[in-house]
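One predicted model, sequence on top.
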There are 2 protein chains.
Amino acid sequence: MPNPTAAMLVIGDEILSGRTRDANMYHLAGKLTEVGLDLREVRVVSDDRGAIVEAVQALAAAHDHVFTSGGIGPTHDDITADCIAAAFGAEIDVRADALAILKQHYATTGIELNEARLRMARIPAGATLIDNPVSAAPGFTLANVHVMAGVPSVFQAMVEALLPQLVGGAPLVSETLRVLRGEGDIAGPLGALAEEYPTLSLGSYPFQQKNGRYGSNVVIRGSDAALVRQAKQRLAETFRE
Amino acid sequence: MPNPTAAMLVIGDEILSGRTRDANMYHLAGKLTEVGLDLREVRVVSDDRGAIVEAVQALAAAHDHVFTSGGIGPTHDDITADCIAAAFGAEIDVRADALAILKQHYATTGIELNEARLRMARIPAGATLIDNPVSAAPGFTLANVHVMAGVPSVFQAMVEALLPQLVGGAPLVSETLRVLRGEGDIAGPLGALAEEYPTLSLGSYPFQQKNGRYGSNVVIRGSDAALVRQAKQRLAETFRE
């Protein structure tokens, strides 16, 4: 039986103008090859409603899976979610499950959940959410289209959450610990814990706090939920000291 | 008046499998922005005849210019030239002008012009050649489609030869001097000559000789043909010493 086929749609004027060099295509191509999905085509289009809708419909009809990258942030030109809904004739509005994720995240970080950020909770009816352990705002899957962020660290984390579900591997669960220390301070304990838990994957995603200091979201992944929680608990105790 | 629109078609399994990271899209996007062509869409397809023909026809119908990258080398999976001909219903065969270029190049380098390499002289009827100062085998323009090599140094040299013709700048002429010394040995005299001829652009493309030593193709470009020839003459005398 031939492998399932896949296509990718990269959305963003910044790629087409040459201002930004795309990194997500190369990353996804390698990951799909690893799990046995056959990437047949990539398209890059601008932040243009007609172009996005047309490309999504063409690719979704021709391939088993379509992966998109970009256009799901808080600014006016982030129109991907609405375009995907339009491509499938689905309703779209702020959805309770996505809103709850954003509320919890912004309560923790002390950042205002303003109207612009609320856009990131707009999810088409019928879609399932894709976990974003880096910056909370979720991606989603509607029909055979998987909609993910353009920021490479977030895109990569979403791909890691999604792919095992598509190819029938054991589903991964993830827990995120927000640590208000820079990566240089946490690297030692993190490395020690990674050795203790060889079946888990531990990733660290730095951010800058309001006070200018660095912090890190530490993401712990594995197929054994109890073990993931245990490792998070251990890590939390380590960084409480 | 809006800028003319452009699309790019990247051809190659090695990009879709994640084995190779594409560099040509980012390069072309920046160059097109510089000269005022509006890149609206990029597609990446595999070395598949149906996929290439369909993408070329769709992009050529929708945009003022289409730039392709990849699939014009000597191996069996280099089918781009034949696919472009098919997309436009043009005849294709080994063409005298392209053959003459290859014959001269291989006579100089002492490499056999075998049947595989002859494939690189297959050019559709009605196409005009695009100069390849790096490794001789030409690209071509058929209708509004510009067909170039996938190897980044060759792709970039072809883009440099082509773009001034498309946007109405002064046409550039180029002369290539083959020097059997490595770049480290020629960098000094090359830099001195570049200072003497500020209106010319001098580029150096290294290669390895049969004996294992390095050589360089020095490409001299400018809009004043007499000056370009003069600079080449000066450079040839310098390296004869």
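Thanks, I have it.

By mean pLDDT, which helix or strand of chain A comes out lowest?
strand A:201-208 (a mean of 79; mean pLDDT, DSSP states H and E).

by how many degrees do the helix or strand just after that one and strand A:201-208 diverge?
Once strand A:201-208 ends, the next helix or strand along the chain (criterion: DSSP states H and E) is strand A:214-222. Per axes from the mean of the first three to the mean of the last three Cα atoms, to 10 degrees, the angle that strand A:214-222 makes with strand A:201-208 is 160 degrees.

Now the helix or strand that strand A:214-222 is followed by: buried residues?
Note on strand A:214-222: by DSSP H and E, the next helix or strand toward the C-terminus is helix A:225-240. Of the residues in helix A:225-240, A:228, A:231-232, A:234-235, A:238-239 count as buried by neighbour count, 16 or more other Cβ atoms under 10 Å in any protein chain shown. C-betas here are computed from N, CA, C, even on glycine.

Next: stretch A:87-105.
Going by 16+ other Cβ under 10 Å, stretch A:87-105 has these buried residues: A:87-88, A:92, A:95, A:98-99, A:101-102, A:105.

pLDDT check: weakest of those residues?
Lowest pLDDT within the buried residues of stretch A:87-105 is found at A:His105 (91).

The nearest residue to that one once chain neighbours are set aside: what's it in contact with?
Taking Cβ to Cβ, 6 or more residues apart in numbering or on different chains, and ignoring the residues beside it in sequence, A:His105 has A:Ala136 as its nearest neighbour in space, at 3.5 Å. Applying Cβ atoms under 8 Å, 6 or more residues apart in numbering or on different chains to A:Ala136 gives the contacts A:101-102, A:104-106.

returning to what we had before: among the buried residues of stretch A:87-105, which ones are in strands?
A:Ile92 (DSSP state E).

Out of the buried residues of stretch A:87-105, the closest to chain B would be?
A:Ala87 (16.6 Å; Cβ to the nearest Cβ).

Test my guess that that closest one contacts A:Ala60.
Yes. Between A:Ala87 and A:Ala60 there is a contact under Cβ atoms under 8 Å: 7.2 Å.

what sits in contact with each of these two?
Contact criterion Cβ under 8 Å, 6+ apart; residues shared by A:Ala87 and A:Ala60: A:Val145.

Contact residues of chain A facing chain B?
Within reach of chain B by Cβ under 8 Å from any Cβ of the partner chain, chain A has these residues: A:10, A:15-18, A:21-22, A:25-26, A:28-33, A:39-46, A:51.

Any of these buried? List them.
Buried among these by 16+ other Cβ under 10 Å: A:10, A:15-16, A:18, A:21-22, A:25-26, A:28-29, A:31-33, A:39-46, A:51.

Name all residues that make contact with the most centrally placed residue in chain A.
In chain A, the residue lying closest to the centroid (Cα atoms, centre = their mean) is A:Met158, at 3.1 Å. Applying Cβ under 8 Å, 6+ apart to A:Met158 gives the contacts A:130-132, A:139, A:148-149.

What of A:Phe207?
Residues A:135, A:214-217 are the ones in contact with A:Phe207 under the rule Cβ under 8 Å, 6+ apart.

element containing the nearest residue to A:Ile92 once chain neighbours are set aside, please.
Once flanking residues are discounted, A:Ile92 sits nearest to A:Ala85: 3.8 Å by Cβ to Cβ, 6+ apart. Taking DSSP H and E as the definition, one finds A:Ala85 inside helix A:80-88.

And A:Glu34, by the same measure?
Applying DSSP H and E, one finds A:Glu34 within helix A:24-35.

Counting by contacts, list what that helix packs against.
Applying 3 or more Cβ pairs under 8 Å, 6 or more residues apart in numbering or on different chains; DSSP states H and E, one finds that helix A:24-35 contacts strand A:5-11, strand A:38-45, strand A:65-69, helix A:152-166, helix B:13-16.

what number of residues lie near the closest residue to A:Asp131 other than its chain neighbours?
Among residues not flanking A:Asp131 along the chain, A:Ala161 sits closest, at 4.4 Å (Cβ to Cβ, 6+ apart). A:Ala161: 23 surrounding residues under other Cβ atoms under 10 Å in any protein chain shown.

where does chain A have low pLDDT?
For chain A, applying pLDDT under 70 flags the ranges A:1, A:169-171, A:241.

Mark out where each domain of it begins and ends.
If you go by automatic domain parsing, the domain ranges for chain A are A:5-166, A:173-240.

for the residue nearest to A:Ile92, what are its contacts?
So A:Ala85 contacts A:91-92, A:124-125, A:142 (Cβ under 8 Å, 6+ apart).

Could you rerun that using 10 Å?
Neighbour list for A:Ala85: A:53, A:91-93, A:122-127, A:142 [criterion: Cβ atoms under 10 Å, 6 or more residues apart in numbering or on different chains].

repeat for A:Ala60
Taking Cβ under 10 Å, 6+ apart as the test, what A:Ala60 contacts is A:7, A:9, A:66, A:84, A:87-88, A:142-145.

Derive a PyMOL selection command for the buried subset of the residues you listed.
Applying 16+ other Cβ under 10 Å to the contacts of A:Ala60 leaves a buried subset, and the PyMOL line that selects it is:
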select buried, chain A and resi 7+9+66+84+87+88+142+144+145
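
Leaving out the residues flanking it, which one is nearest to A:Leu142?
Here the residue nearest A:Leu142, using Cβ to Cβ, 6+ apart, is A:Ala127, at 4.2 Å.

any idea how far A:Ala81 is from that neighbour?
To A:Ala81, A:Ala127 is 9 Å away according to Cβ to Cβ, to the nearest Å.

Likewise for A:Leu28?
19 Å.

before we move on, the earlier item: the domains of chain A: which one's closest to B:Gly71?
domain A:5-166 (15.1 Å; Cβ to Cβ).

and that closest one, how far from the chain's centre?
8 Å (Cα atoms, centre = their mean, to the nearest Å).

And for stretch A:201-219?
16 Å.

Please apply the same query to stretch A:194-212.
16 Å.

Buried residues of it, list them for me.
Quick answer for stretch A:194-212 (16+ other Cβ under 10 Å): A:197, A:200, A:202-203, A:205.

Using CSV, list the CA coordinates for it.
Below are the C-alpha coordinates for stretch A:194-212, written out as CSV (Å, rounded to 0.1, in the frame of the first residue of the first chain):
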residue,chain,number,x,y,z
ALA,A,194,16.4,14.0,31.1
GLU,A,195,18.8,11.3,32.0
GLU,A,196,16.6,10.0,34.8
TYR,A,197,13.6,9.8,32.4
PRO,A,198,14.9,8.5,29.2
THR,A,199,11.4,7.8,27.7
LEU,A,200,10.4,11.4,28.0
SER,A,201,11.3,14.3,25.8
LEU,A,202,12.2,17.6,27.6
GLY,A,203,12.3,20.8,25.6
SER,A,204,12.9,24.4,26.7
TYR,A,205,11.5,27.5,25.0
PRO,A,206,12.9,30.8,26.3
PHE,A,207,10.9,34.0,26.6
GLN,A,208,11.5,37.5,27.9
GLN,A,209,9.6,38.7,31.0
LYS,A,210,8.2,42.2,31.4
ASN,A,211,11.0,43.0,33.7
GLY,A,212,13.5,42.2,30.9
